[in-house]
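Visitor: mind folding the following:
(chains A and B)
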Amino acid sequence: MPDPPADGGIMEKNIKLELRGISKSFPGVKALDNVNIVLRKGTVHAIVGENGAGKSTLMKIINGLYKRDKGQVFLDGKEVHFSGPMESSEAGIAMIYQELNFFPELSIAENIFMKRQPSKAGCLNWEKMMQDAKKILEHNALNYDPAMKIKELPIGSIQMLEIVKAVAFNAQVIIMDEPTSSISEKEVRMLFDKINELRTKGISFLYISHKMDEVFQIADDITVIRDGKTIISGPAGGFDNDSIITYMVGRAINNVYPKVDVPIGDIAFDAKNLCSKDMFENVSFFVRKGEIVGMAGLIGAGRSEVCRSIFGLDSLDSGEIVLCGKQYKPKDVTHAIENKILMITEDRRKEGIIGVRSCRENITITSHHINKGVIMNLKKEKEDAIRMSEMLKVRFAGIETPIGYLSGGNQQKVLLARWLMLESDLLILDEPTKGIDVGAKLEIYNIMIDLVKKGYAILMISSELPELLGMCDRIYVMSQGRMRGCLARKDFQQERIMQIATGVAK
Amino acid sequence: MRAKPDMRKYSLVLILVGMMIVCTILSNNFLTVTNLTNILKQVSIVTICAFAQGMIIVCGEIDLSIGYLAGMSGSFACVMFIATGSLPLAFCFGLFLGALVGALNGLFVAYFKLPSFIVTLAMQTVCFGSICLYTGGQNIYQIGAFKNFGQANLFGVIPITIVFMVLMLIITHIVLRYTKFGRYLYAIGGNKEAANAAGIQVCKIKWAAFIVSGLFAAVAGMVMMGRLNAGIPSEGAGYETDAITATVIGGTSFSGGAGTAFGTFLGSLIIGVLNNIMNLLGVDSYMQMIIKGFIIIFAVLADVLTKNRKTTVRIMASASDEKKK
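Guide: Numbering: from 1, shown residues only, chains lettered A, B, ... in the order given. Below is the predicted model of the structure:
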């Protein structure tokens, strides 16, 4: 990693992209207020901020999706006005979104050359496209057949392909929005290698991320945005973890993980030799009352699959489960709820929220299972929903607000409220803080602590190791569908867990 | 944000009232008790079908079999009445057939995961074929007291068709608003996967929804035959699309998850008033079809435009939401 200039003094000619005094308002909201960012040539500039701080709006202004109200954008010293993503990409600015845009049913080659297909006499020149695609793939050490459907690739490779594609079509500035949110540690390393390689070739990156350790690994400069304003901007060396978080939230979070020791009770959940074909094999573990048990592992290790099969979402082939002294055999979700096993699934949008319906309905939807009778008591329903959302401090315009309008953190709190309406012997949280800003994360952690104080048994899957280390009493580590080890809190060590998860150590 | 769905409801009321004012000005014959009663009588059958369609669309599916199913179960109920002379028995038989066909639809859609568009489209011919097979393609006349389902008056003044429509309105409203079943329909239509992960038995609920739809279609069919004073199997054709029109104008979202009984009712009334005034003014019947077609497109356009506005609202909301801290 090249050293950032000691004084931060930037020479005019080294500036690739500059944003000066950018402001943008939506009716009733000032999303951006006088934002200044200077991206130097051949560097990685990280933009950090809470959800809703205005990062995405800023990106969309750069690539022309939104029109700025005020301010200027300079590319290579010249002021530019892009009317849309097509124009900005022609000017050499590529944008890689958090949710990758690709056509799953088309081949790798077609995806690379989308909207740029080589043609011959007005028809598609397949031969040339395949050859060119092959060249691009080989050049970047991606060992795939260009005719392969892109959906067969792991997500990390698809993302890599996006970068490769951008560079192949002469992008000079690459904007990445949360690039590591859904790829494994190994893929992150590959991504960073690629970024480092391209950086030395003079390509500049705007890198948006929540993950502090990554930002420090990769960034030359850091800009912190809060409530649509630039709070501070400077070389990465001038920041540390705590100071960034302080700038982001505008207040010091002294203890990021509010872990409290709670007396541990009896075994609430005991699973032995769980197997599911091609997914996981002989997985055994237990959770005690008052315990937060973590499940660590790389993406694809089978952690979610194990939990989903316990909850009845996926099938379980064999294995024994004892739940509070009684045998339990997963059947379907209703059965799991009746047996007091509850789970917040990983994909909030797909399997969590019912976006068009109100927060009230989203909260009470599960409690109908246990209330007898066909007709609902609307008054009680509303009271319950309001009580739960007040308890979890959900912020919304009102209980009737459609949940789709809420921020990720508040959506997650509504989903927690949904499950906390019910009694629970085992609460499974699959990536409970994914895509949630720091402040809301802390609130989720506090809720978890409150729950174990009440005797809940919590099983948490997370891909953020610090979170597991900070919150859990024990951590199970899985890799390749097998349980590889279990660490007690006193033995917690990030390196150790990573070694087990990658199969380096037992 | 909170007032949005209500706004939609009120906007429908406003449209209806506005239309009625215009109609009153256009024609002296419009604002009379007889004419207004006529409108209600005319829309009653299609409205009952629309309630069924509305419930199915709310849960993210579609039922194209409603019209022919109404024709079939209504005609078979006539056959049953002629054979036994018992009105309750004939009525129950009609309901049974409706439930049976609905159950078949639901079985294929919910459990075998076939697209409801195809299944219910195919069921149209099955329904029509089975009644024609029995009657040899003939209409059923001399149905005697069965005509009471469509021609009697409650307390001697209120036409029975209107009574049926209001009854079904109340039932649909209660089902959608006050029962768990209704709540599950919205949840499934809003996000099927999430509904499943929340422990809702998606298959079972969908299956039940199609059975309810079948029952409603059967009621509509029997009222229809009573009104016609004959069992005419082909008479139900087209009711399913008119039902879709009413639900869409009534603000039911075609992508599922939103829609109300009163909205559907108002949608149906709006079409009824429109038909009525065009008849009173002597508008050419083919012209009427063209006008109605465009009105459907505009209704959907309005739906899409309001949705687009919602997306901009969402972008703002995520920012403003965090700001409120």
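Visitor: let's verify the spatially closest residue to residue A:79 that is not a sequence neighbour: helix, strand, or coil?
Guide: Counting by Cβ to Cβ, 6 or more residues apart in numbering or on different chains, the nearest residue to residue A:79 once its immediate chain neighbours are dropped is residue A:72, at 5.3 Å. For glycine as for every other residue, the C-beta is placed from the backbone atoms N, C-alpha and C. Using DSSP: H, G, I helix; E, B strand; the rest coil as the criterion, the local structure at residue A:72 reads strand.
Visitor: which element is residue A:35 on?
Guide: Residue A:35 belongs to strand A:29-40 when assigned by DSSP states H and E.
Visitor: which other helices and strands contact that strand?
Guide: With contacts taken as 3 or more Cβ pairs under 8 Å, 6 or more residues apart in numbering or on different chains; DSSP states H and E, strand A:29-40 sits against strand A:15-26, strand A:44-48, helix A:55-62, strand A:70-75, strand A:204-208, strand A:221-226, strand A:229-235, helix B:285-323.
Visitor: pretty sure residue B:58 is touching residue B:175, no?
Guide: No. Between residue B:58 and residue B:175 no contact is recorded; they are 10.3 Å apart, counting by Cβ atoms under 8 Å.
Visitor: show me which of the two is the more surrounded one.
Guide: Neighbours were counted for residue B:58 and for residue B:175 using other Cβ atoms under 10 Å in any protein chain shown; residue B:58 has more, 26 against 20.
Visitor: contacting residues around that one?
Guide: If a contact means Cβ atoms under 8 Å, 6 or more residues apart in numbering or on different chains, then residue B:58 has B:176, B:185-186, B:189, B:252, B:256-259 as its contacts.
Visitor: now do the contacts for the residue nearest to residue A:79.
Guide: So, once contact is read as Cβ under 8 Å, 6+ apart, residue A:72 ends up touching A:19-22, A:79.
Visitor: is it possible to get a markdown table of these that adds pLDDT and neighbour count?
Guide: As requested, the contacts of residue A:72 are exported to a markdown table (pLDDT from 0 to 100; neighbours: other Cβ atoms under 10 Å in any protein chain shown):
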| residue | pLDDT | neighbour count |
| --- | --- | --- |
| A:19 | 91 | 22 |
| A:20 | 91 | 15 |
| A:21 | 91 | 14 |
| A:22 | 91 | 24 |
| A:79 | 89 | 10 |
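Visitor: closest to chain B out of those residues?
Guide: Out of the contacts of residue A:72, the one with the shortest distance to chain B is residue A:22. That distance is 14.7 Å, counting by Cβ to the nearest Cβ.
Visitor: surely the closest one touches residue A:32?
Guide: Yes. Here residue A:22 reaches residue A:32: they are 5.5 Å apart, a contact under Cβ under 8 Å.
Visitor: what residues do these two have in common as contacts?
Guide: Here residue A:22 and residue A:32 share the contacting residues A:58, A:61, A:68, scored by Cβ under 8 Å, 6+ apart.
Visitor: among these, who's most crowded?
Guide: That'd be residue A:58 among the shared contacts of residue A:22 and residue A:32, by other Cβ under 10 Å, with 27 neighbours.
Visitor: just say helix, strand or coil for the most centrally placed residue in chain A.
Guide: The structure's chain A has its C-alpha centroid closest to residue A:181; by Cα atoms, centre = their mean the separation is 3.7 Å. Recorded secondary structure, residue A:181: coil (three-state DSSP).
Visitor: and residue A:498, how many neighbours does it have?
Guide: 16.
Visitor: for the host helix or strand of it, buried residues please.
Guide: Using DSSP H and E, residue A:498 maps to helix A:494-501. By neighbour count, with 16 or more other Cβ atoms under 10 Å in any protein chain shown as the criterion, the buried positions of helix A:494-501 are A:496-501.
Visitor: if we can go back for a sec, tell me the most buried of the helices and strands packed on strand A:29-40?
Guide: By mean neighbour count, with neighbours taken as mean count of other Cβ atoms under 10 Å in any protein chain shown, strand A:44-48 ranks first of the helices and strands packed on strand A:29-40 at a mean of 26.
Visitor: and the contacts of it?
Guide: Residues lying outside strand A:44-48 but in contact with it, judged by Cβ under 8 Å, 6+ apart, are A:37-39, A:55, A:58, A:195, A:199, A:204-210, A:212, A:215, A:218-225, A:236, A:244, A:248.
Visitor: how distant is it from the center of its chain?
Guide: Strand A:44-48 has its C-alpha centroid displaced from the chain centroid by 17 Å (Cα atoms, centre = their mean, to the nearest Å).
Visitor: average pLDDT for that strand?
Guide: Averaging pLDDT along strand A:44-48 gives 91.
Visitor: list the neighbouring strands of it plus their orientation.
Guide: Pairing partners of strand A:44-48, with direction, according to DSSP bridges: strand A:204-208 (parallel), strand A:221-226 (parallel).
Visitor: so is stretch B:99-118 next to chain A?
Guide: No. Contact check for stretch B:99-118 against chain A, using Cβ under 8 Å from any Cβ of the partner chain: none in range, with a minimum separation of 13.8 Å.
Visitor: would you pull up how far that stretch lies from the middle of the chain?
Guide: 18 Å.
Visitor: mind telling me what element the residue lying closest to residue B:84 once chain neighbours are set aside is part of?
Guide: Counting by Cβ to Cβ, 6+ apart, the nearest residue to residue B:84 once its immediate chain neighbours are dropped is residue B:90, at 6.9 Å. Counting by DSSP H and E, the element that carries residue B:90 is helix B:87-106.
Visitor: check which helices and strands that helix is in contact with.
Guide: Using 3+ Cβ pairs under 8 Å, 6+ apart as the contact criterion, the neighbours of helix B:87-106 among helices and strands are helix B:66-84, helix B:116-135, helix B:148-151, helix B:202-228.
Visitor: out of the ones you listed, which gets the lowest mean score?
Guide: Of all those, the minimum mean pLDDT falls on helix B:148-151 (a mean of 84).
Visitor: partner strands of the helix or strand just after that helix, with direction?
Guide: If you walk from helix B:148-151 toward the C-terminus, the next helix or strand you reach (DSSP H and E) is strand B:153-154. With DSSP bridges as the test, strand B:153-154 is paired with strand B:158-159 (antiparallel).
Visitor: any stretches of the stretch 1-150 of chain B with poor pLDDT?
Guide: Judged by pLDDT under 70, the stretch 1-150 of chain B has its weakly predicted residues at B:1-9.
Visitor: from chain A, how far out is residue B:120?
Guide: Separation of residue B:120 from chain A (Cβ to the nearest Cβ, to the nearest Å) stands at 24 Å.
Visitor: need the contact list for that residue.
Guide: The contact partners of residue B:120, taken as Cβ under 8 Å, 6+ apart, are B:62-66, B:105, B:109.
Visitor: buried only: go through those for me.
Guide: Listed as buried from the contacts of residue B:120 are B:62-66, B:105, B:109; burial here means 16+ other Cβ under 10 Å.
Visitor: can you list the residues you listed in CSV and add distance to residue B:289?
Guide: What follows is the buried ones among the contacts of residue B:120, written out as CSV (distance: Cβ to Cβ, whole Å):
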residue, distance to residue B:289
B:62, 22
B:63, 23
B:64, 20
B:65, 23
B:66, 20
B:105, 28
B:109, 31
